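Engineer: return a 3D structure for these sequence lines:
(chains A and B)
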Amino acid sequence: MAESRALPGSPARPAAGDLPVVHLDIDAFFASVEQARDPRLRGRPVLVGNGVIASCSYEARRFGLRAGTPLPEARRVCPDAVILDGHYPTYRAFAERIFALAAELTPHLDTYLDEAYGDLTGTERLHGDPIDRCAALRAAIAEATGGVTVTIGLGPNRMLAKLVGKTAKPDGLAWITAADADVFLAARPASDIAGVGPAIAGRLAGMNVHTVADLRRLDVATLSGLFGAVGPLLHERARGRDTRAVCAREVPQTISRETAFHRATADPATIEGMLHYLAERACRATRALGLTARTIGLKLRYADGVGEEGRRTPATPSALDPDVHAVVRALLARLWTRRVQLSHVGVVLSNFAVIDGAPLGLFDAVEQDRAHRLVEGLDQVRDRYGHAVVVSGRSLTLLGTLPQDRYGFVLRTPSLTK
Amino acid sequence: MRVERLDEPIRVRADFAGGRATPIAFQRGTQPHRVTRVNSRWEDRVGRQPLYYFACSVESGDVYELCLNAHELTWRLTSVMLDG
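Structural biologist: Residues are numbered from 1 along each chain as shown, chains lettered A, B, ... in the order given. Take a look at the predicted model:
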């Protein structure tokens, strides 16, 4: 296990209140799980993915491989790499176990696919020194998972906790106080600042702004003029000030279900069957949170790599499979305009409203009530026996063409996020 | 290294000491295997049924993934990771 460390210049043991935010990142997540499951993979370059790398071990990263690299290129660069399709329900189960252990640190845990932020404010008397507590958490996670490691960063806010953690990866623990943020950030690339994505980074580079120190030379008015509402945030964050709260998200921003096809296809029945299956999964996840979606989106990628996205906001929000699928079909008709096969499709629900028993329209009430009762019944059956126990008629085209397990159809590159 | 995804019922001898299951040996077809190490264990559920998974190395070095359905008290072999 790597040494725990403070950054040079930081106090060896800051006061607990100086480190109120913890960031936990699972190292090389999917590949790490595979190495924990099979010790023969430890020390070897492991790639998980299908078509492109979804996750790679640190041994593979030494060859310059990264998530998103096409597998044929990865094979050429690193012929000895072990390539695995991966099993996403297993990774989800590992993440849930790890986050359950992390939740013992604080009830305020904001979790993502392979990382989490926690607010430690007010936990000092219960848990004592956060550095010791996080060291113990890392050990507990490794023990519980059979060797999956995490890197933990502690800091005064989300951005600094994450950035300081990066300096200790993999399998490390690092911390930074607000007093050290100025020096720590100055030499880092401007793209490290939360809110600086590829578009903003590109514009900054065009102005010869490469580091955080360069960014600090721009005043608030200039940044606002360049980037609008994000400008003042960048001004603050370049000085180590990040006011985003850490709290469990009750309402997600989006719920999406996406996958690549095993083989690109132009068969309307296959595409519609898959979209119905994805819409059904997204709707069920939405209903489980007690939400309805105002906006329904569709993502397509053609076999030549060109992508299309569209969304629609119907008059009435819904999380019912038939409603969402009808919109998805309409979007498909609008977006799929080229005579090219599709390699990837996805359904994205967003702009959520909490289900509040809103009154139904006068004429569609009976029909809507029937649809509600049908999905409620299906949800109850699936909650009890698993999603795969019922396959809807529209998805029957997938039967026999896609393998199934207890969790449903085994998709080529299922999305795990959100 | 290749992974075969399976879903076979399987006979498993397990230790339930301390309130948690640990596979000791199992028989696939007529071939018995002794578990030399439980590399990793995790829990999932399908519907309301809790599933306990175990990634187990056997004497040959291959890794077998066993799944205990705690509701039905049945074991299944869900994957094998083979060398080569």
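
Engineer: what parts of the stretch 301-418 of chain A come near chain B?
Structural biologist: A:382-386, A:388-389, A:403, A:405-407, A:410 (Cβ under 8 Å from any Cβ of the partner chain). Placement of C-beta: from N, CA and C, glycine included.

Engineer: of these, which is the most crowded?
Structural biologist: Scoring those on neighbours with other Cβ atoms under 10 Å in any protein chain shown, the highest-scoring entry is A:Arg406 at 21 neighbours.

Engineer: can I get the residues of the stretch 301-418 of chain A next to chain B in a markdown table including pLDDT and secondary structure?
Structural biologist: Formatted as a markdown table, those follow (pLDDT from 0 to 100; DSSP: H, G, I helix; E, B strand; the rest coil):
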| residue | pLDDT | secondary structure |
| --- | --- | --- |
| A:Arg382 | 83 | helix |
| A:Asp383 | 81 | helix |
| A:Arg384 | 80 | helix |
| A:Tyr385 | 79 | helix |
| A:Gly386 | 77 | coil |
| A:Ala388 | 76 | helix |
| A:Val389 | 78 | helix |
| A:Pro403 | 70 | coil |
| A:Asp405 | 72 | strand |
| A:Arg406 | 68 | coil |
| A:Tyr407 | 71 | coil |
| A:Val410 | 69 | coil |
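
Engineer: relative to A:Ile131, which of those residues is nearest.
Structural biologist: Minimum distance to A:Ile131 across those is 38.7 Å, recorded for A:Tyr407 (Cβ to Cβ).

Engineer: pretty sure B:Phe4 sits against B:Thr78.
Structural biologist: You called it Phe, but residue B:4 is Glu. No. Counting by Cβ atoms under 8 Å, B:Glu4 does not reach B:Thr78; the two are 9.9 Å apart.

Engineer: which one of the two has more residues nearby?
Structural biologist: Each of B:Glu4 and B:Thr78 has its neighbours counted (other Cβ under 10 Å); B:Thr78 has more, 23 against 10.

Engineer: count the neighbours of the closest residue to A:Arg37 other than its chain neighbours for me.
Structural biologist: Of all residues not flanking A:Arg37 in the chain, B:Ala55 sits nearest, at 3.9 Å (Cβ to Cβ, 6 or more residues apart in numbering or on different chains). Residues near B:Ala55, counting by other Cβ under 10 Å, number 25.

Engineer: what does A:Val22 give?
Structural biologist: As a burial measure, A:Val22 scores 29 neighbours (other Cβ under 10 Å).

Engineer: kindly report the same for B:Glu8.
Structural biologist: Using other Cβ under 10 Å: B:Glu8 sits among 11 other residues.

Engineer: so it: helix, strand or coil?
Structural biologist: With DSSP: H, G, I helix; E, B strand; the rest coil as the basis, B:Glu8 sits in strand.

Engineer: need the contact list for the residue nearest to it when sequence neighbours are not counted.
Structural biologist: Of all residues not flanking B:Glu8 in the chain, B:Leu77 sits nearest, at 4.6 Å (Cβ to Cβ, 6+ apart). With contact set as Cβ atoms under 8 Å, 6 or more residues apart in numbering or on different chains, B:Leu77 has these partners: B:6-10, B:26, B:28, B:64-67.

Engineer: between these, which sits nearest A:Lys299?
Structural biologist: Nearest to A:Lys299 out of the contacts of B:Leu77 is B:Asp7 (Cβ to Cβ; 31.2 Å).

Engineer: all strands of the stretch 51-200 of chain A, in order?
Structural biologist: A:52-56, A:82-84, A:109-111, A:115-119, A:150-155, A:173-175 (DSSP state E, counting those that start in this stretch).

Engineer: try chain B
Structural biologist: B:2-9, B:11-15, B:22-28, B:31-46, B:49-58, B:63-69, B:74-82 (DSSP state E).

Engineer: let me have those in JSON lines, extended by mean pLDDT and distance to A:Ile152.
Structural biologist: Shown next, in JSON lines, are those (pLDDT from 0 to 100; distance: least, Cβ to Cβ, whole Å):
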{"stretch": "strand B:2-9", "mean pLDDT": "89", "distance to A:Ile152": "31"}
{"stretch": "strand B:11-15", "mean pLDDT": "96", "distance to A:Ile152": "34"}
{"stretch": "strand B:22-28", "mean pLDDT": "96", "distance to A:Ile152": "30"}
{"stretch": "strand B:31-46", "mean pLDDT": "93", "distance to A:Ile152": "21"}
{"stretch": "strand B:49-58", "mean pLDDT": "94", "distance to A:Ile152": "25"}
{"stretch": "strand B:63-69", "mean pLDDT": "96", "distance to A:Ile152": "29"}
{"stretch": "strand B:74-82", "mean pLDDT": "94", "distance to A:Ile152": "30"}
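
Engineer: export the ones you listed to a markdown table and tack on distance to A:Arg216?
Structural biologist: A markdown table is the format used below for the strands of chain B (distance: least, Cβ to Cβ, whole Å):
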| stretch | distance to A:Arg216 |
| --- | --- |
| strand B:2-9 | 50 |
| strand B:11-15 | 61 |
| strand B:22-28 | 57 |
| strand B:31-46 | 46 |
| strand B:49-58 | 49 |
| strand B:63-69 | 52 |
| strand B:74-82 | 51 |
